[in-house]
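In: Provided below for reference: sequence and predicted model.
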Protein chains: 2
Amino acid sequence: MVPLYVALVHYPVLNRKGETIASAITNLDLHDMARTVRTYAIPACYIVTPLQDQQALIKRLLDHWCKGIGKELHPDRDEALKRLKIVDDLAAARDDIRAAWGETPLVWATTAKEQSGALTHRQARHRLANARHPYLLLFGTGWGLAPEAIGEADGVLKAIQGRDGYNHLSVRCAAAILIDRLLHTDR
Amino acid sequence: MVPLYVALVHYPVLNRKGETIASAITNLDLHDMARTVRTYAIPACYIVTPLQDQQALIKRLLDHWCKGIGKELHPDRDEALKRLKIVDDLAAARDDIRAAWGETPLVWATTAKEQSGALTHRQARHRLANARHPYLLLFGTGWGLAPEAIGEADGVLKAIQGRDGYNHLSVRCAAAILIDRLLHTDR
C-alpha cells in the first residue's frame, strides 16, 4: 500500500457557469478510478457526494459487481471496485484515513488551471516517496473543484500541461496520468 | 504536431473467451481518446471498426458535438472530436498517414500482457523524439488486440505494470498514461 489516497469529488464542484453544485455520478468514472487505484496499490478512492439518491445508485452498482454473477464473471472488477468508499463530504474521508493511519492526511487539490505556488509533479512524487503522513489527492468532477475545496487543501498540484495550452482531459484520464506520474515504478 | 498517431481498435480484438471479434463502440472512449490526443498534439486518432452500423453511430455522435448547439456549448469538445477519423481497418489508417506524411508509419501494438522483446516506454520515447517516420500506436478494446494485430505490428510496447501485478486499466486510462509517458514535456 502506498501513502496516497484519492477522492473523486462531486461536491463542492463548479458547473459550466462557475456556480458551486453537487454533480451527478458517472458510471465509468467509478470503474476507471477503481481500476487505476487498484493498479497503483492506492488503498482507497473516496466517492464524495452528499446526495443520498446518488449514494444509493453507487451502492447498487457496487453490489452488482462485487456479489454474485458480476463478481463471478469479472473478478478483477470486484477486486478494484471494493476500494471505492462512499462518503458524504471530505471531512469524512479525512476521518477515515486518520482512523486507518493514526495520522491526519495532508490534502492536495488538483486543477486544470494554473495556480501560483502549485507543486510540480516531481516535487509531489519526492514528498510521497519520503512521506511520514498519508496524503489525500482530490479530483473534481464537473468543471473542477470549487474554490472552497482548493482553499482548504494543504497544497495544489500543477495542472497537466498539454503541448499547446489545451488541457480538457476527462477526470478519469487526468487522474490516471497524475497517479502514474506520482507513483510509477517501471518507467 | 507530433509524429505519433493513435488507433482505437474494435477489430480484430479478443473477447473474454479469447475469440477474435469486432467490439462495440463505447461513447466515452471516443470523448476521452479525442481529448487526450488533442491535449498531446497528436494529429489523429483512428476509430477502427468494419461494422457499418457502428460507424453510423460514431458519425451521429460527431455531428452532435461538432455542429450546432453541441459545438456552441462545448467548443473544446469539437476541437478534440474532430481529430477522430473513422476507418474500416488498420490498412486504411496506415494509408491515411502515408498520404499525409509521404512515409508509411511504423506500427506499435500495446498489450496488458508481457511480450518478449517489447520496447520499454523510455526506448519508445527516445525513438519518437528522433523519429524520421510517423508512428501509429494501437490500443485494443474488449480483451485487447488479437494476436494477428500484434503479429503484424513493427513492435510492441511493454505493458503498464501496476505495483503488484494487477493491470486491468480501462483502455481510456491506459492510453492516457502511455501517451503521457511517450510525449509529456512538463514533468
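Out: Yep, it's here.
In: C-terminal to the helix or strand encompassing A:K85, which secondary structure element comes first?
Out: Assigned by DSSP states H and E, A:K85 falls within strand A:84-87. Moving toward the C-terminus from strand A:84-87, the next helix or strand (DSSP H and E) is helix A:90-101.
In: Please name every helix or strand in contact with that following helix.
Out: Packing partners of helix A:90-101 (3 or more C-beta pairs under 8 Å, 6 or more residues apart in numbering or on different chains; DSSP states H and E): strand A:4-9, strand A:45-48, strand A:84-87, strand A:135-140. For glycine as for every other residue, the C-beta is placed from the backbone atoms N, C-alpha and C.
In: From the contact counts, what lies against the helix or strand bottoming out on mean pLDDT in chain A?
Out: Each helix and strand of chain A was given a mean pLDDT (mean pLDDT, DSSP states H and E); the minimum falls on helix A:68-73 at a mean of 80. Packed against helix A:68-73, as judged by 3+ C-beta pairs under 8 Å, 6+ apart, are the following elements: helix A:75-81.
In: Against which helices or strands is the helix it packs on packed?
Out: Where contact means 3+ C-beta pairs under 8 Å, 6+ apart, helix A:75-81 is packed against helix A:27-39, helix A:52-66, helix A:68-73.
In: coming back round to it: can I get the helices and strands packed on helix A:90-101 in a markdown table with mean neighbour count, mean pLDDT and distance to B:W143?
Out: Putting the helices and strands packed on helix A:90-101 into a markdown table (neighbours: other C-beta atoms under 10 Å in any protein chain shown; pLDDT from 0 to 100; distance: least, C-beta to C-beta, whole Å) gives the following:
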| stretch | mean neighbour count | mean pLDDT | distance to B:W143 |
| --- | --- | --- | --- |
| strand A:4-9 | 26 | 98 | 26 |
| strand A:45-48 | 26 | 98 | 24 |
| strand A:84-87 | 18 | 97 | 23 |
| strand A:135-140 | 24 | 98 | 28 |
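In: Let me have these in a markdown table, extended by distance to B:L157.
Out: As requested, the helices and strands packed on helix A:90-101 are exported to a markdown table (distance: least, C-beta to C-beta, whole Å):
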| stretch | distance to B:L157 |
| --- | --- |
| strand A:4-9 | 26 |
| strand A:45-48 | 27 |
| strand A:84-87 | 29 |
| strand A:135-140 | 27 |
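In: which one of these lies closest to chain B?
Out: Closest approach to chain B among those is made by strand A:4-9 (11.2 Å; C-beta to the nearest C-beta).
In: give the contact list for the nearest residue to A:D29 once chain neighbours are set aside.
Out: Counting by C-beta to C-beta, 6 or more residues apart in numbering or on different chains, A:D29 lies nearest to A:R172, which is 5.7 Å off, once chain neighbours are set aside. Residues near A:R172 by C-beta atoms under 8 Å, 6 or more residues apart in numbering or on different chains: A:L28, A:D29, A:D32, A:M33, A:T36, B:D32, B:S170, B:R172, B:C173, B:A176.
In: okay, the last one: pLDDT?
Out: Reported pLDDT at B:A176 in the predicted model: 98.
In: And A:I177, how close does it get to A:L84?
Out: 20 Å (C-beta to C-beta, to the nearest Å).
In: A:L14 contacts A:A146, correct?
Out: Yes - using C-beta atoms under 8 Å, A:L14 is in contact with A:A146, at 5.5 Å.
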